[in-house]
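sharing a model prediction with you, sequence too.
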Amino acid sequence: MDRLAGNAHLMIVSDLDHTMVDHHDPENLSILRFNALWEANYRSNSLLVFSTGRSPTLYKELRKEKPMLTPDITILSVGTEITYGNSMVPDDGWVEFLNQKWDRNIVSEETQKFTELTLQSGTEQRPHKVSFYVQKEKAQDVMKSLSTLLKERGLDVKIIYSGGMDLDILPQGAGKGQALAYLHQKFKAAGKLPKNTLVCGDSGNDAELFTIPDVHGVMVSNAQEELLQWHAANAKDNPKIIHATERCASGIIQAIGHFNLGPSISPRDVMDLSDSKMEKFEPAYEVVKLYMFYEKWRRGEVDNSEICLASLKSVCDISGTYVHPSGTEKHLHECVNSLRTCYGDQNGKQFRVWVDQVLTAQVGSDSWLVKFKKWEQSGEERLCCLTTALLSSEVSSLSISRPLVMHRVCINIVRDLASGRDCCRRANLDACPSDMVE
C-alpha cells in the first residue's frame, strides 16, 4: 500500500479464474494483452488487486501455469485473507475483524449433518473459510437449512454459492466485497483513496464487488448465469456496471475504455510498434515495446531484414553495454547482431515474452532507471530475469529510447553458447513470483 506516494489513478480489483485468466485461451493472448497495457501505462501510478476464491496454495499453482502479473494486493479464499506485496504479508487487522462471531469447529460440526455436502480438498479449508461441493439443484435448500442451524448456534455467517458447484461458509464480515470495502477504508484513512476503482468478475462470489459504492464494474462476456441473474435483480439500472462483449481480460480492457479510465489500447494491438508515438517519453512503454519486438522476432512474425536490426541498433547507445550475471560484458550492438542466429527459432511454438513490475525512477533531465522482471515461456519452460536498464530520451525524438546499460540477474540460467541465448528451466522457480523483487 505504500508503493504510491499519493492517490492511485486507478485500482483494478479482478477475479482470476475465467475473468483475468481465460482457461480456454491456450495462447494466453487475452491476459498478455492486459499485461502489456498495464505495464506500459498503469504500473507507475495505479494498483492491481487480485481477488480470488483460491487458497494461497492454489493461487501459487495458477501463477506457475499462467503469465500473470504480480499484484500489489491479493485477496484470497473468497475475501477471507488479504496480503500485500511480493512477499504476501498478511493483514492482521482483517484477521482480527473476521474472528468476531466465528467458530470454525461449530461450522464443521453442523455441516457434517448434510450428506449433500462434499468437503473440498484440505488446501481449500482456511481459518475463516469452510468449503464444499454441492449439486446445483440441492444448493438453495442446503443453504437455507444450514444458515438457520448456524444462526441458532450463535454464529453470524455468510454462505456463498458459485461456479455451479462451490459452497463456501465464511464469517458474515468476510467476502470479496467486504474485503474491498475494508481496503477502501484503509486508503481513505491514509488520504490515499484511489481516484477510480474498477471491479471485474464472472461468478456468484464476485457479486459483492459490484455493491461497493462508487466503483465501476464489468461482468466479462463469459460471466456465469448466477452473476447475470444477480445483476438483473439488483443492478440492471446501474450505468456504472456493464456486461462486456469480450471474454476475460479482454473484457477488462474493454471496460477501461468504456468508462474512460485511461489508455485502453494494448501495445499488443498496435500492428507497427515502430510507428507508435506517445505524447511524452514513457520509459515503461519503451520497455514493453522492446520485448514485444523480441517475441515477434523469435516467432518469425517480423521481417528478417537488416533494416529491422539497424533500426534496433539506432536506439542503442553506441557505448551501451550488456552485463551478464557471470560478469561478462558485451556491447549492445553485438547483442543485436547475435539476434540473427535465433530469428524464427520459436516459430510454431507457444513462445511468449512479457514484463512484470516495470518501475521507473528519473535520474536525470532525460534519463530514467528502469527495473522489471522479464519472463520468457516456451512450452513448459520458463525464464525469469530481474533486469535493470538505463534509458534516455532526446527532446527531438521522444519515441526513441536509448538503453545505456542493462544488467540482468537470472535464476537457474544455462548459457547456450551456440546460439548466444539464455535459457532457464521452469522446474525450480517456485519463489520467483513472490520473492524476486522487493
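Good, I have the coordinates.

pLDDT below threshold where in this protein?
In the predicted model, the chain carries pLDDT under 70 at residues 1, 273-279, 325, 394-438.

spatially central, which residue of it would that be?
Most central in the chain under Cα atoms, centre = their mean is Leu69, positioned 3.7 Å from the mean C-alpha point.

and that residue, what does it touch?
Neighbour list for Leu69: 35, 38-39, 48, 356-357 [criterion: Cβ atoms under 8 Å, 6 or more residues apart in numbering]. For the C-beta atoms, the positions are set from N, CA and C on the backbone; glycine is no exception.

tell me which element it falls in.
Using DSSP states H and E, Leu69 sits in no helix or strand.

quick revisit: narrow the contacts of Leu69 to those in strands?
48, 356-357 (DSSP state E).

give me the buried entries from the residues you listed.
48, 356-357 (16 or more other Cβ atoms under 10 Å).

in TSV, list these along with distance to Pro171.
Below are those laid out as TSV (distance: Cβ to Cβ, whole Å):
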residue	distance to Pro171
Leu48	26
Asp356	33
Gln357	33
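
any idea which of the residues you listed is closest to Ile159?
Among these, Leu48 lies closest to Ile159 (Cβ to Cβ), at 29.3 Å.

what sits against the nearest residue to the closest one once chain neighbours are set aside?
Leaving out its chain neighbours, the residue that sits closest to Leu48 by Cβ to Cβ, 6 or more residues apart in numbering is Pro71, at 4.6 Å. Counting by Cβ under 8 Å, 6+ apart, Pro71 touches 48-50.

would you map the helices across the stretch 101-250 of the chain?
Here the stretch 101-250 of the chain has its helices, by DSSP state H, counting those that start in this stretch, at 104-111, 136-152, 176-189, 225-234, 248-258.

typed the wrong thing, it's the stretch 251-400 of the chain
Along the stretch 251-400 of the chain, counting by DSSP H, counting those that start in this stretch, helices occupy 283-299, 306-314, 332-338.

just those helices: most buried one?
Among the helices of the stretch 251-400 of the chain, the stretch with the highest mean neighbour count (mean count of other Cβ atoms under 10 Å) is helix 283-299, at a mean of 21.

residues making contact with that helix?
For helix 283-299, contacts defined as Cβ under 8 Å, 6+ apart pick out 36, 39-41, 43-44, 267-268, 273, 276, 278, 302, 308, 312, 339, 342-347, 349, 351-355, 358, 360, 368, 370, 372, 374, 389, 391, 401, 403.

ok, the buried ones among the ones in strands among the contacts of Leu69 vs Ser203, which is closest?
Using Cβ to Cβ, those come closest to Ser203 at Leu48, 19.9 Å.

okay, and the beta partners of the closest one?
Ile12 (DSSP bridges).

quick check, it in contact with Asp72.
Yes: contact criterion Cβ atoms under 8 Å: Leu48 and Asp72 qualify, at 5.5 Å.

next one: stretch 313-328 to chain centre, how far?
Here the centre of stretch 313-328 is set off from its chain's centre by 30 Å, with Cα atoms, centre = their mean, to the nearest Å.

tell me if Ile75 really is in a strand.
Yes: Ile75 forms part of a strand when assessed by DSSP: H, G, I helix; E, B strand; the rest coil.

which of the contacts of Pro71 lies closest to Gly379?
Of the contacts of Pro71, the one sitting nearest to Gly379 (Cβ to Cβ) turns out to be Phe50, at 25.3 Å.

could you report the neighbour count for the closest one?
As a burial measure, Phe50 scores 26 neighbours (other Cβ atoms under 10 Å).

now swap in Phe210 and tell me
Neighbours around Phe210, by other Cβ under 10 Å: 24.

contact partners for it?
177, 199, 201, 217, 219, 231, 235, 238, 241.

contacting residues for the nearest residue to the first one once chain neighbours are set aside?
Right, the one you point to is Gly177. Distance criterion Cβ to Cβ, 6+ apart; nearest residue to Gly177, sequence neighbours excluded, is Glu208 at 2.6 Å. Contact partners of Glu208, counting by Cβ under 8 Å, 6+ apart, are 79, 175-178, 180.

likewise for Asp91?
82-84.

give me that answer again for 10 Å
By Cβ atoms under 10 Å, 6 or more residues apart in numbering, the contact set of Asp91 is 1, 73, 75, 81-84, 97, 179, 182-183, 186.

turn the buried ones among the residues you listed into a named PyMOL selection, would you?
PyMOL command restricting the contacts of Asp91 to the buried ones, with burial defined by 16+ other Cβ under 10 Å:
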select buried, resi 73+75+81+82+83+84+179+182+183+186
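
of the contacts of Asp91, closest to Leu117?
Nearest to Leu117 among the contacts of Asp91: Glu81, at 22.4 Å, using Cβ to Cβ.

distance of the closest one relative to Thr70?
The gap separating Glu81 from Thr70 is 17 Å, by Cβ to Cβ, to the nearest Å.

what of Ala139?
For Ala139, the distance to Thr70 equals 35 Å [Cβ to Cβ].

distance-wise, check Ala139 relative to Leu146.
Counting by Cβ to Cβ - Ala139 and Leu146 are separated by 10 Å.

who touches both of these two?
Common neighbours of Ala139 and Leu146, using Cβ under 10 Å, 6+ apart, are 116-117, 132, 159, 167.

show me what contacts the residue sitting furthest away from the middle of the chain?
Farthest-out residue of the chain from its mean C-alpha position, per Cα atoms, centre = their mean: Glu152, at 41.1 Å. Contact partners of Glu152, counting by Cβ under 10 Å, 6+ apart, are Glu110.

returning to what we had before: you'd agree the residue nearest to Leu48 is in a strand?
No: the assignment for Pro71 (three-state DSSP) gives coil, which keeps it out of a strand.

was I right about Ala389 contacting Ala361?
No: contact between Ala389 and Ala361 fails when scored by Cβ atoms under 10 Å: they sit 11.6 Å apart.

rewinding a little: which among the ones in strands among the contacts of Leu69 gets closest to Glu65?
Once Cβ to Cβ is applied, the member of the ones in strands among the contacts of Leu69 that ends up nearest Glu65 is Asp356, at 15.4 Å.
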